[in-house]
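Colleague: Compute the structure for the input listed below.
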Amino acid sequence: LSKKHSHDDQKNMNSFFAVAFGLSNSAVSRLSKTWEGLTNKTRRVYQSFERLMDPSRNHRAYRMVAGKLSLPFLPFMPLLIKDLTFIEEGNKTFVNNLVNFEKMRMIARTVNLFRRCRTHSQSKCSDCVIVSDCFANVVHSLFFEASDQSVSVKNPQPIRLYVRSLKAIDNEQILSQLSQQLEP
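Modeller: Numbering: from 1, shown residues only. Below you'll find the predicted structure:
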């Protein structure tokens, strides 16, 4: 699990959070034998990812990392939507029959952050490729890092092909059953 591959190189914070939240799902986090198989280094990196996902102080850890990323990068979209919701619901549009320009500035800052990221992120790759590449790097680091059959990070093509063939399971009950089958 390399920080560099997960968010510094890919700079896709939305995908990073999707992978990190998936790994923290109870059906995955309960797999103690699987987690015990990780190297100490990988565990420390994952713990740093957990700190990055920490929602305390209005996601301060994430905001600090995102603030240091150079463009282009894809921000964590649910947080942008949350920010816009709080700006809208927490501030009056009109104060004393005048437009609340402070509210408009806050909205503009949030929207402009997304626009700058989007404008600079025109690339040959589709979002699906970026997501699968990010996930492939995480999977490689987690499960192949200590293996003798490790795939070179310089050529993660087999992992990309595997990730693209995956089918998402979003049913918590099915995930729990599969988890129980793996480690009763």
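Colleague: Could I get the contacting residues of Pro66?
Modeller: Small correction: residue 66 is Ala, not Pro. Ala66 makes contact with Met13, Phe73, Pro75, Phe76, according to Cβ atoms under 8 Å, 6 or more residues apart in numbering. The C-beta positions use only the backbone N, C-alpha and C, and glycine is treated the same way.
Colleague: so which helix or strand takes in it?
Modeller: Here Ala66, judged by DSSP states H and E, is contained in helix 56-68.
Colleague: Also Leu161?
Modeller: Applying DSSP H and E, one finds Leu161 within helix 157-165.
Colleague: chain center to that helix, what's the gap?
Modeller: 19 Å (Cα atoms, centre = their mean, to the nearest Å).
Colleague: and what of stretch 27-47?
Modeller: With Cα atoms, centre = their mean as the basis, stretch 27-47 stands 18 Å off its chain's centre.
Colleague: Stretch 15-24 too?
Modeller: The chain centre lies 5 Å from the centre of stretch 15-24; the measure is Cα atoms, centre = their mean.
Colleague: One more: stretch 87-99?
Modeller: Distance, stretch centre to chain centre, for stretch 87-99: 33 Å (Cα atoms, centre = their mean).
Colleague: From the opening residue of that stretch to its closing one, how far?
Modeller: Start-to-end span of stretch 87-99 (Cα to Cα, to the nearest Å) is 14 Å.
Colleague: how much space between the residue nearest to His59 when sequence neighbours are not counted and Tyr62?
Modeller: The shortest distance from His59 to any non-neighbouring residue, by Cβ to Cβ, 6 or more residues apart in numbering, is to Leu79 (5.8 Å). Per Cβ to Cβ, to the nearest Å, Leu79 is found 7 Å from Tyr62.
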